[in-house]
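K.L.:
Requesting a structural model of the entry that follows:
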Amino acid sequence: MLTENWEHDEYDSSGHLVAHYSSFQQVSATSKGQCGWRKFDKDNQRVREQDALS
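P.N.:
So this is what the prediction gives:
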């Protein structure tokens, strides 16, 4: 299984951190996959998430 993870931050116009995102994509040897992301607020509390199968 191939797994790729990446992260990025979101800042407001004043340069303050407002959110952190963690994303992933997984693909199996049979080409079945899953991807998704998690959004965390400035206090590191999860506020949204989404997963999808392909």
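K.L.:
Nearest spatial neighbour of the residue nearest the centre of the chain, chain-adjacent residues omitted?
P.N.:
Nearest to the mean C-alpha position of the chain, by CA atoms, centre = their mean, lies Ser23 at 2.3 Å. Spatial nearest neighbour of Ser23, excluding adjacent residues (CB to CB, 6 or more residues apart in numbering): Trp37 at 4.2 Å. In this view, the C-beta of every residue, glycine as well, is placed from N, C-alpha and C.
K.L.:
how much space between that neighbour and His20?
P.N.:
Shown here: Trp37 relative to His20, a distance of 11 Å by CB to CB, to the nearest Å.
K.L.:
Surely Lys32 is in contact with Met1?
P.N.:
No. The pair Lys32 / Met1 is not scored as a contact, 9.5 Å apart, by CB atoms under 8 Å.
K.L.:
what touches both of these two?
P.N.:
Applying CB atoms under 8 Å, 6 or more residues apart in numbering, one finds that no residue jointly contacts Lys32 and Met1.
K.L.:
okay, now the closest residue to Gln34 other than its chain neighbours: neighbour count?
P.N.:
Nearest non-adjacent residue to Gln34, counting by CB to CB, 6+ apart: Gln26, 4.9 Å away. Gln26 has 16 neighbours, counted by other CB atoms under 10 Å.
K.L.:
and Gln26, what helix or strand is that in?
P.N.:
strand 17-27 (DSSP states H and E).
K.L.:
That strand: how far from the chain's middle?
P.N.:
From the chain centre to the centre of strand 17-27 is a distance of 2 Å (CA atoms, centre = their mean, to the nearest Å).
K.L.:
for that strand, packing partners?
P.N.:
With contacts taken as 3 or more CB pairs under 8 Å, 6 or more residues apart in numbering; DSSP states H and E, strand 17-27 sits against strand 2-11, strand 33-41.
K.L.:
If anything else comes up later, I'll come back, but that's it for now.
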